[in-house]
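Chemist: return a 3D structure for these sequence lines:
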Amino acid sequence: MPSAPRPGLLRNHDFRRLFAATAAGQLGDRIMFLALPLVAVTALDADELHVGLLTAVVTTGSLLAGLPAGAWVDRLPKRTVMIGTDLVRALTLATIPIAWWAGLLTVDRLFAAAAVHGALTAVFDAAHVSCLPHLVERDELVEGNAKLSAVRSVTSIGGPAVAGPLAGWTGAPAALLASSLAMAASGLLAIGIRKRERRPGPADRPPLLRGIGEGLAFVLTGPVLRATVLGDACFTLFLAGYQAMLLVLLSRELRLDSTGIGLVLAGMGCGALVGALWSERLTARFGPGPVIWLAPLVTCPPTALMPWAHPGWTVPVAAVGLAALSLGGVVRLVAQSSVQQALTPVGMLGRMSATTRFLSGCGLAMGGLLGAAAGAALGARATMTLGAVGMTLSFVPAFASPLRSMRRAPGPAGVGLPRRPGPGTPCEPAAVSGSGFGGGADGDRE
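Modeler: Purely as a prediction, here's the structure:
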C-alpha cells in the first residue's frame, strides 16, 4: 500500500477548511449517488428505463446550468457561491424523504429534485474548481488536487458503506436525509475560509453570452485543453451508460441487497483512494501528459469483468475491475485538473471549469439516455460490455495531442494559452501568489 500523503498544505488554514468542506460535501454526494437510484428501484419500483432516465435527468440539470454557471461564477466570490449552493442542495435533497413520509413521493417529484440538484451542482463545481488556485501556489496544485481527490476517495468508501446499511434499515428515501445534512455541513465549514477574492472590475465582467463564448473559445482552441475535454466526453459517454445499468445488474441479476451493493461501491472507493495516494508519485515519474492517456488505457479494460459476473465468487473478482477503474480515473483527473488550472488565467477559471464540465456532461447526458435505451433493447450485460470498450478508447484524444509527451506541467505561457487574452480576460496566471484572494491568511473579510 502507498504511504499516506504528508501534511503539506493541510497546515494552510484555508486549504484545511476547503479540505473539510470537500469531505462533508463528498460524503453527502456519495450517499446520494447510491440512495437516489435505490429510491427509484425500491420505493417506486421503477424499471430499467426510468433508472437510466434518472441518471440523464441529473446530468441534464447540470448541462442546462453549466455554461452560464461558469460566466456567473467568474463574477462572484467563489466561497459565497459554494456556501449558497451547498445549503440549497441540502434543502432540495431533504424534500425527497419528506415527500416519502407524507406519501407524496412520485417518479416525477424524484426527477424534479434530481434536475434541481444537478443544476446547483454545476454552479458549485465551477466555484469549487476555481477556488483551489486562489488558495495555493501554482507549484502546489498537484498536491492540492491529490489531497482533495484523496478525501473524495475516502468518502467514496465511507459513503456507500454507510448508505447501503442505512437504506436497508430505514429505507432509501431516509438515507437521503443523511446526504442533506452532510451537504449542509459542507456549506457551514466553507464559511471558515478567511481569504477573500479581489472583486472583479467592470472590464473583468463581460456580458453573459460573451463570457460563455470566451470560455468555449479558450477551451476548444488550445490543443491541450481540447484533448482533455474530448477524452472526458468520450469517457463519460460510455461511463454513464455503464453506470446506468450497474445497479440494475447488481440488484436484479446478481441478487445483491443494499449492503452488498454498498460494499461493491465501497471497493470502487478503495481503488480511488489508492489512485489519490499514488497520483503525485505517478505524475512525477511519468509526467502529467502520459498519465492522462495511460490511465484509461490500462485501467478501463478490467471493467468488462462485471457484466459477465454471476452470483457467487465471480462478483468480488469483477469488483476488482471497478476498483481499477476508480484508481485510473482519480490518477487521470489529478494530473488533468492540475494541467487545466495551470494553463488558465484567474479571470477565466470559472468559465474554463464550467466549459470542460459542460462538454463532459454532454457525454454523461447522452450516455445516460443511450444506456437506458441500450439496456431496454440489449440488456444490462451487453450495454456494460460496450461501455467498457468505449471507456478504454477514451485515451485516443490525449494520445494524439501534445499530452502524449508532456513530462512537466505547463506554465501560464505554456501550450494551450491564447497568444492574446480575449476581452475581459485578465492576464495574470491562475495561481500566482497575491492574485485572486486578497491579503494573507487573514485577508480582509467581505
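Chemist: from here on, contacts and neighbour counts on C-alpha atoms
Modeler: Noted.
Chemist: OK, contacts around the spatially most central residue of the chain?
Modeler: When the chain is reduced to its mean C-alpha position, the nearest residue by Cα atoms, centre = their mean turns out to be residue 125, at 7.8 Å. Neighbouring residues of residue 125 by Cα atoms under 8 Å, 6 or more residues apart in numbering: 353-354.
Chemist: tell me the spacing between it and residue 282.
Modeler: Between residue 125 and residue 282 the computed distance is 26 Å (Cα to Cα, to the nearest Å).
Chemist: low-confidence ranges, the stretch 201-350 of the chain, go.
Modeler: 201-208 (pLDDT under 70).
Chemist: got the residue ranges for the helices in it?
Modeler: Here the stretch 201-350 of the chain has its helices, by DSSP state H, counting those that start in this stretch, at 208-221, 223-248, 258-286, 288-299, 314-343, 349-378.
Chemist: now these as JSON lines including mean neighbour count?
Modeler: JSON lines is the format used below for the helices of the stretch 201-350 of the chain (neighbours: other Cα atoms under 10 Å):
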{"stretch": "helix 208-221", "mean neighbour count": "19"}
{"stretch": "helix 223-248", "mean neighbour count": "25"}
{"stretch": "helix 258-286", "mean neighbour count": "23"}
{"stretch": "helix 288-299", "mean neighbour count": "24"}
{"stretch": "helix 314-343", "mean neighbour count": "24"}
{"stretch": "helix 349-378", "mean neighbour count": "25"}
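Chemist: and those: which comes nearest residue 131?
Modeler: helix 349-378 (8.7 Å; Cα to Cα).
Chemist: right, and the helix or strand after the closest one?
Modeler: The first helix or strand that comes after helix 349-378 along the chain, using DSSP states H and E, is helix 380-393.
Chemist: ok, residue 386 - contacts?
Modeler: Contacts of residue 386 by Cα under 8 Å, 6+ apart are 238, 242.
Chemist: what pLDDT does the model give it?
Modeler: At residue 386, the predicted lDDT confidence score is 92.
Chemist: any idea how far it lies from residue 180?
Modeler: For residue 386, the distance to residue 180 equals 34 Å [Cα to Cα].
Chemist: same check, this time on residue 397
Modeler: 38 Å.
Chemist: correct me, but residue 363 touches residue 231?
Modeler: No: if you go by Cα atoms under 8 Å, residue 363 and residue 231 don't touch, sitting 10.1 Å apart.
Chemist: re earlier: okay, and the residue nearest to the centre of the chain sits in which element?
Modeler: Assigned by DSSP H and E, residue 125 falls in helix 107-135.
Chemist: how about the closest residue in space to residue 371 that isn't next to it in sequence, what does it touch?
Modeler: Excluding its sequence neighbours, the residue lying closest to residue 371 (Cα to Cα, 6 or more residues apart in numbering) is residue 241, at 3.8 Å. When contacts are counted by Cα under 8 Å, 6+ apart, residue 241 touches 52, 367-372, 383-384, 387.
Chemist: which among those gets closest to residue 46?
Modeler: residue 52 (9.9 Å).
Chemist: for that closest one, give me the pLDDT.
Modeler: Turning to residue 52, the model gives it a pLDDT of 69.
Chemist: over to residue 177: give its phi and psi.
Modeler: phi -70, psi -40 (degrees, to the nearest 10).
Chemist: rewinding a little: redo the contacts of residue 241 as CSV? Include distance to residue 348.
Modeler: Below are the contacts of residue 241 laid out as CSV (distance: Cα to Cα, whole Å):
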residue, distance to residue 348
52, 34
367, 28
368, 30
369, 31
370, 33
371, 34
372, 36
383, 38
384, 37
387, 33
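Chemist: so which of these is the closest to residue 356?
Modeler: residue 367 (16.6 Å).
Chemist: how far away is the closest one from residue 385?
Modeler: 14 Å.
Chemist: again with residue 80
Modeler: Relative to residue 385, and taking Cα to Cα, residue 80 is found at 43 Å.
Chemist: more neighbours, the two?
Modeler: More neighbours surround residue 385 than the other of residue 80 and residue 385, with 20 against 16 (other Cα atoms under 10 Å).
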